[in-house]
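Asks: sequence unavailable; structure follows:
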């Protein structure tokens, strides 16, 4: 029998802090039960926030508790919803001890058992491609995803590479496969599975064409249109999302479902099933209030690496490793593959890509200026003097917009931290002529628009040209943000060093050496392009702190060119495939220095694994 939880039944409102906004809720109560939880925010239909609220509200009502698990991939929003519900319940004078006792009387977890030809774990770019390809090739397929909607690095990416897509052929822009192969070789210095690399390059164009045929709209764009100055003039490899990664992957999943595929959102795979001989026969997964037992002839793992798992990052990458951007990528698939007999293959490969602010620092800036902090990103776009947390100049600043190279250089610094140093003279130039007065990155494309979506936002050369030429006064924003641990302002370099907490002599020597290289036209330290260097001479002087931007880990499980998981002896683990960021063999320690490599491998490896799994099932 349920206990009484309140003597004041009715509807109560509450609020809690989500990731970016206040979350407002209405809770309907009777004397012994939470009847409903409704959102008072106007969330966009089917957005992550909307889906998260629906899922959290369902959990709270079903479990009659606020002690519920957060939604994977939306933890901050989930906590904001819980806080809002607690606020409303407190206003209703709810007896939380009685509520907890009532919650303990809830129904036991249900269990569902299904049988399919192919089970795919992870519904990002690799997993969605694998599931759709397998279903199209005649297999019955179940696709499992622990989040409640498509997330993952594939939703944030800008596009994938290819050598000979139909678009490249039509525009006479076919890229040499020899050139692509040597780019992989140069980046890996031989630490790659060359057989796998060659197959991926050969299948890239076919995969772009297949994605376009299935609604994932991608268009060939010029190298450098995303802002990587050093890529301008390189072969056009990038086929950019025209509607964004989230919509593209959603379309693939909808196509998969429309031809009979079974989609299970909110189910986290926990364990692979194996027979006495070690052959994989399926898996176990856990939902919020139900278990799923999947019997399958083939299993494909596509769970995105372990960038969101601090313990694994420390174990496999060392003491210093900034958090991956996809927090729900916690190594689930890798651990399952390893436990099933797949060989460990970790060489410290992480997709470091440019710089960013820490979550804590972003939070501090948001408290002061709200979304107005965003223009701060632009201050990392130029070859300004950059020093580490010891005050030392540490690399050529003219690599700053070669995102992969700069990200790798920054990752090697103490605490993976840098400070961008500039002076008032630079800010005055931007105020008078926009950032183009410092360095124009997009004028090359004037009257020749290039467009794609990255992080689900437009990368539009027309808009970027306007933005670069827009007169902007950064001084006021920097002054507002000086109370944070991001912005430092001083009238002298010595005072700036004190405020930054770096060695005074090191910083002064770095400024002198950098300015001297600019004046002489020769950088004897790091051989920078001195024409692009920006002197630090006129106070006030400024420093902005950034950390390495870790998109996620790359690799962990040994595979062959058919994406079969391999044992330490090089034999296939029967019926198991590993794809995308979970799979090793495409990279050494560094990311390739052309555009679209990682997303390309994800889609290509997923598609090929799906085809092979379906074809081998039919052959049995």
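Replies: Cool, the structure landed. Just so it is clear, the structure is predicted and the values come from calculations on it, not from any experiment.
Asks: going forward, measure contacts and count neighbours with C-alpha atoms only.
Replies: Will do.
Asks: what bits of this structure have low per-residue confidence?
Replies: Counting by pLDDT under 70, the chain contains low-confidence ranges at 1, 19-20, 73, 104-109, 348, 620.
Asks: any idea which helix is longest in it?
Replies: Secondary structure of the chain per DSSP state H: the longest helix is helix 597-619.
Asks: flag every buried residue along it.
Replies: For helix 597-619, the neighbour count (16 or more other CA atoms under 10 Å) marks 597-614, 617 as buried.
Asks: what about stretch 230-239, how long is it end to end?
Replies: Across stretch 230-239, the terminal residues are separated by 18 Å (CA to CA, to the nearest Å).
Asks: next one: stretch 216-233
Replies: End-to-end distance of stretch 216-233: 27 Å, with CA to CA as the criterion.
Asks: now do that stretch: distance to the chain's middle.
Replies: Centroid displacement of stretch 216-233 relative to its chain, using CA atoms, centre = their mean, to the nearest Å, is 19 Å.
Asks: give me the buried positions along that stretch.
Replies: Buried residues in stretch 216-233, counting neighbours by 16+ other CA under 10 Å, are found at 216-232.
Asks: what's across from residue 25 in the sheet?
Replies: residue 14, residue 39 (DSSP bridges).
Asks: state the number of residues packed around it.
Replies: The number of residues packed near residue 25 is 27, by other CA atoms under 10 Å.
Asks: i'd like the first residue to be 18 from this point on
Replies: Renumbered: residue one is now 18, and that last one reads residue 42.
Asks: hmm, it is touching residue 101, no?
Replies: Yes - assessed by CA atoms under 8 Å, residue 42 is found in contact with residue 101 at 6.0 Å.
Asks: what touches both of the two?
Replies: The contact sets of residue 42 and residue 101 overlap at 30-32 (CA atoms under 8 Å, 6 or more residues apart in numbering).
Asks: just the element for the closest residue to residue 39 other than its chain neighbours, please.
Replies: Nearest non-adjacent residue to residue 39, counting by CA to CA, 6 or more residues apart in numbering: residue 33, 5.8 Å away. Per DSSP states H and E, residue 33 falls inside strand 27-34.
Asks: what packs against that strand?
Replies: If contacts are counted by 3 or more CA pairs under 8 Å, 6 or more residues apart in numbering; DSSP states H and E, strand 27-34 sits against strand 39-47, helix 92-108.
Asks: which strands and helices lie in contact with the longest one?
Replies: This points to helix 92-108. strand 27-34, strand 39-47, helix 65-80.
Asks: contacting residues around residue 170?
Replies: Listed by CA under 8 Å, 6+ apart, the contact partners of residue 170 are 141-142, 321, 342-343, 568-569.
Asks: any idea how far residue 559 is from it?
Replies: In terms of CA to CA, residue 170 sits 33 Å off from residue 559.
Asks: let me see the ranges of the helices in the stretch 518-637 of the chain.
Replies: Secondary structure of the stretch 518-637 of the chain by DSSP state H, counting those that start in this stretch: the helices cover 521-537, 614-636.
Asks: other residues contacting the first one?
Replies: What it means is helix 521-537. With CA under 8 Å, 6+ apart as the test, helix 521-537 has contacts from 402, 404, 407-410, 510-511, 514-515, 540-541, 547-548, 550-554.
Asks: drop anything exposed from those residues.
Replies: 402, 404, 407-410, 510-511, 514, 540, 547, 550-554.
Asks: just the ones of those in strands?
Replies: Taking DSSP state E, the ones among the buried ones among the contacts of helix 521-537 that sit in strands are 402, 404.
Asks: would you list the shared contacts of residue 42 and residue 101 in a markdown table and tack on neighbour count and distance to residue 338?
Replies: Formatted as a markdown table, the shared contacts of residue 42 and residue 101 follow (neighbours: other CA atoms under 10 Å; distance: CA to CA, whole Å):
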| residue | neighbour count | distance to residue 338 |
| --- | --- | --- |
| 30 | 21 | 41 |
| 31 | 21 | 38 |
| 32 | 20 | 35 |
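Asks: would you turn the residues you listed into TSV with distance to residue 58?
Replies: Putting the shared contacts of residue 42 and residue 101 into TSV (distance: CA to CA, whole Å) gives the following:
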residue	distance to residue 58
30	12
31	12
32	10
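Asks: kindly check the end-to-end length of stretch 287-295 for me.
Replies: Note: stretch 287-295 ends 17 Å apart using CA to CA.
Asks: chain center to that stretch, what's the gap?
Replies: How far stretch 287-295 lies from its chain's middle: 31 Å, per CA atoms, centre = their mean.
Asks: which of the residues in that stretch are buried?
Replies: Applying 16+ other CA under 10 Å to stretch 287-295 flags 288-290 as buried.
Asks: just the closest of those residues to residue 384, please.
Replies: residue 288 (42.0 Å; CA to CA).
Asks: is the closest one in a helix, a strand, or coil?
Replies: strand (DSSP: H, G, I helix; E, B strand; the rest coil).
Asks: bridged to it, which residues?
Replies: residue 301.
Asks: surely it meets residue 351?
Replies: No - assessed by CA under 8 Å, residue 288 is found out of contact with residue 351, at 10.9 Å.
Asks: for residue 414, give its distance to residue 551.
Replies: 10 Å.
Asks: mutual contacts of these two, please.
Replies: Shared contacts of residue 414 and residue 551, defined by CA under 8 Å, 6+ apart, comprise 400-402.
Asks: any chance of TSV for the residues you listed, columns distance to residue 312?
Replies: Listed next are the shared contacts of residue 414 and residue 551 as TSV, based on distance: CA to CA, whole Å:
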residue	distance to residue 312
400	55
401	57
402	58
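Asks: ok, so of those, who is nearest residue 495?
Replies: residue 401 (16.5 Å).
Asks: burial count for that closest one?
Replies: Residue 401 has 24 neighbouring residues, counting by other CA under 10 Å.
Asks: ok, residue 456 next?
Replies: A count of nearby residues for residue 456, using other CA under 10 Å, gives 17.
Asks: surely residue 600 and residue 570 touch.
Replies: No - contact criterion CA under 8 Å: residue 600 and residue 570 do not qualify, at 10.1 Å.
Asks: and those two? Which one has more around it.
Replies: It is residue 600, of residue 600 and residue 570, that has more neighbours when counted by other CA under 10 Å, with 32 against 26.
Asks: if we ignore the residues flanking it in sequence, what's nearest the more buried one?
Replies: Closest to residue 600 by CA to CA, 6+ apart is residue 572, at 4.5 Å.
Asks: what of residue 260?
Replies: Closest residue to residue 260 apart from its sequence neighbours, by CA to CA, 6+ apart: residue 470 at 6.3 Å.
Asks: ok, that neighbour to residue 182 distance?
Replies: Residue 470 is 19 Å from residue 182, by CA to CA.
Asks: do residue 152 as well
Replies: Going from residue 152 to residue 182 by CA to CA gives 23 Å.
Asks: next: residue 199.
Replies: Distance, residue 199 to residue 182, by CA to CA: 19 Å.
Asks: and for residue 402?
Replies: Distance of residue 402 to residue 182, computed by CA to CA: 40 Å.
Asks: cool, residue 411 as well?
Replies: Noted for residue 411: a distance of 40 Å to residue 182, by CA to CA.
Asks: these two - which one has more neighbours?
Replies: Using other CA under 10 Å as the criterion, residue 411 and residue 182 rank with residue 182 on top: 24 against 19.
Asks: tell me which of the buried residues of stretch 287-295 is nearest to residue 447?
Replies: Closest approach to residue 447 among those (CA to CA): residue 288, at 55.5 Å.
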